[in-house]
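In: fold the following, please.
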Amino acid sequence: MYFSSANKELRVLLTPAVQQQLRTDYEEATALCLKMGMRNCKRLREAKIIHWWNQDLSAADLATLATLGSVLPALVRLALIERSG
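Out: Below you'll find the predicted structure:
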């Protein structure tokens, strides 16, 4: 069975509300990756160490990052440094 076929079959089992939430989550994660200077989220998924300096992350950005924790299996260190002033 091809992955794309399985994906279509699984998608049918999801309610429209769940599909919309997954789409929204994906768009938020992609926007965060772009804000951090990543072309796509693959680099984030594979990262072991992330240091983000002065990225001006909003509360929404931090909330999105928190939800991504379970899909960042390689990540062992995350440093978010902001200078106030």
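In: ok, the residue nearest to residue 33 when sequence neighbours are not counted - contacts?
Out: By the measure of Cβ to Cβ, 6 or more residues apart in numbering, the closest residue to residue 33 outside its immediate chain neighbours is residue 41, 4.5 Å from it. All C-beta spots, glycine's among them, are computed from the backbone N, C-alpha and C. By Cβ atoms under 8 Å, 6 or more residues apart in numbering, residue 41 lies in contact with 29, 30, 33.
In: repeat for residue 27
Out: With Cβ under 8 Å, 6+ apart as the criterion, no residue contacts residue 27.
In: help me confirm that it is found in a helix?
Out: Yes. Looking at residue 27 with DSSP: H, G, I helix; E, B strand; the rest coil, it is inside a helix.
In: okay, now the unreliable bits of the protein?
Out: For the chain, the stretches with pLDDT under 70 are 1-6, 85.
In: try 90 this time
Out: Applying pLDDT under 90 to the chain flags residues 1-16, 18-23, 25-26, 35-45, 50-58, 68-71, 73, 81-85.
In: where exactly do the strands run in it?
Out: Using DSSP state E, the strands of the chain run over 49-53, 77-81.
In: show me what the last one is packed up against.
Out: What it means is strand 77-81. Contact analysis of strand 77-81 by 3 or more Cβ pairs under 8 Å, 6 or more residues apart in numbering; DSSP states H and E lists strand 49-53 as its packing neighbours.
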